[in-house]
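1. fold the following for me, if possible:
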Amino acid sequence: MVVIVGPTASGKSALAMYIAELFGGEVLACDSTQLYRLFNIGTAKPTEAERRRVPHHLIDLYDPEQLSTAGEYRRQAIGALEDLRRRASLPILTVGTGLYLRALLEGLAEAPLRSEVLRARLSTQSARNAPDYLHRMLMRMDSETAARIAPRDHQKLIRAIEVCMLTGKRISDVHRSGRTPLEGFRPIKIGLAPPRAELKTRIASRITAMLDRGWLEEVRQLVASGVPGHCKPFDFIGYRELRVHLSGSMGLEDAVADIEQATHRYAKRQLTWFRKVPDVCWFKGFGDSAAIQALVSANLKAELPNPPARATVTKDV
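-> Got it, this is the predicted structure:
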């Protein structure tokens, strides 16, 4: 299977579409944001036209109120991979969430079940203290994990603290033990690392394009339809800023500036994570570049044992 990693706005989806059409493959999203229904534009989901061109999987699996986990993603992904194996179709992963890729390829350790009592207590303590209360608590218990989690990501912080308190071990140590790696597939890893200045420009352009496509109206309709504000998708980059804007607490220009800044920080964290993934063949450009696509296709032709080609239909004129 082909695994495409890279920061947001680096063109992973465009490259995946190109590879799928060239080699007869289908795309599997490996992105925690695209799992949620209704949150479409800001999560950069493929359009209906793109889904008609190439089948996409692991998108729109959850309602906004549901919680996604790396373990459940792994289960769903393995099912999709087995389906593609039966149909002899090349799986192509577009990876935005490094943790989900690691869960799929390396497996997950046996972690304790959720404790709703403990979670409720942690949530109450968080509400009574400063916004970074949970992050500071985890930093004392497991600094390695705390360094990888954003201070506002309460879902991940609570889970990390929960594991520490229930097992007496750091979650980073728990994750390193007892894993069952993915079997039956050889990942061919492709990395996109466009120049930083060009990526910054691309991020700004993409945010503008999303707003032109109706991103703000999408958020307005989500709020009006009664989707609870505490749902995880409303904490995604862009959705939280636009929701604050719609509440009247922030101007649109300031909201867009905050979205750009948060996206730049996220792209930097993604690259830091992906740089640690072993055996990645890196390309210094964007996935929608014809030059990069040519280089990647040449790489894959050398790597794939018998590269399939999507059937073409010729018509008499």
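2. drop to CA atoms for contacts and neighbour counts, all remaining ones
-> Noted.
3. can you pull the buried residues of stretch 126-138?
-> For stretch 126-138, burial by neighbour count (16 or more other C-alpha atoms under 10 Å) applies to 126, 133, 134, 135, 136, 138.
4. so which of those residues are in helices?
-> Residues of the buried residues of stretch 126-138 located in helices (DSSP state H): 126, 133, 134, 135, 136, 138.
5. do you know how far the first one is from residue 153?
-> Just to be clear, that refers to residue 126. 12 Å (C-alpha to C-alpha, to the nearest Å).
6. residues contacting stretch 183-196, please?
-> Residues outside stretch 183-196 that contact it (C-alpha atoms under 8 Å, 6 or more residues apart in numbering) are 1-7, 10-12, 271, 279-287, 296, 303.
7. strands - which of those land there?
-> With DSSP state E as the criterion, strands contain 2, 3, 4, 5, 280, 281, 282, 283 from among the contacts of stretch 183-196.
8. tell me who's in contact with the fourth one.
-> Taking C-alpha under 8 Å, 6+ apart, we find residue 5 in contact with 12, 94, 95, 96, 189, 190, 191, 192, 274.
9. partner residues bridging it?
-> residue 95, residue 191 (DSSP bridges).
10. now do the contacts for residue 12.
-> Residues in contact with residue 12 (C-alpha under 8 Å, 6+ apart) are 4, 5, 6, 94, 95, 192, 286, 287, 288.
11. if you set the cut-off to 6 Å instead, what comes out?
-> Neighbouring residues of residue 12 by C-alpha atoms under 6 Å, 6 or more residues apart in numbering: 94, 287.
12. cool, residue 33 as well?
-> Counting by C-alpha under 6 Å, 6+ apart, residue 33 makes contact with residue 43.
13. SS state for it?
-> coil (DSSP: H, G, I helix; E, B strand; the rest coil).
14. how far away is residue 264 from residue 79?
-> 33 Å.
15. which one's more surrounded, these two?
-> residue 264 (19 against 12; other C-alpha atoms under 10 Å).
16. for that one, which non-adjacent residue is closest in space?
-> residue 200 (6.9 Å; C-alpha to C-alpha, 6 or more residues apart in numbering).
17. buried ones in the host helix or strand of the one you found?
-> Using DSSP states H and E, residue 200 falls within helix 196-212. Going by neighbour count (16+ other C-alpha under 10 Å), the buried part of helix 196-212 is 199, 200, 202, 203, 204, 206, 207, 210, 211.
18. tell me the spatial nearest neighbour of the fourth one, not counting adjacent residues.
-> Going back to what we said before, that points to residue 203. Nearest to residue 203 is residue 9, by C-alpha to C-alpha, 6+ apart, at 5.9 Å.
19. and for the one you found, the neighbour number?
-> Neighbour count of residue 9, defined by other C-alpha under 10 Å: 22.
20. give me the phi and psi for residue 29.
-> When quoted as degrees, to the nearest 10, the phi and psi of residue 29 stand at phi -70, psi 140.
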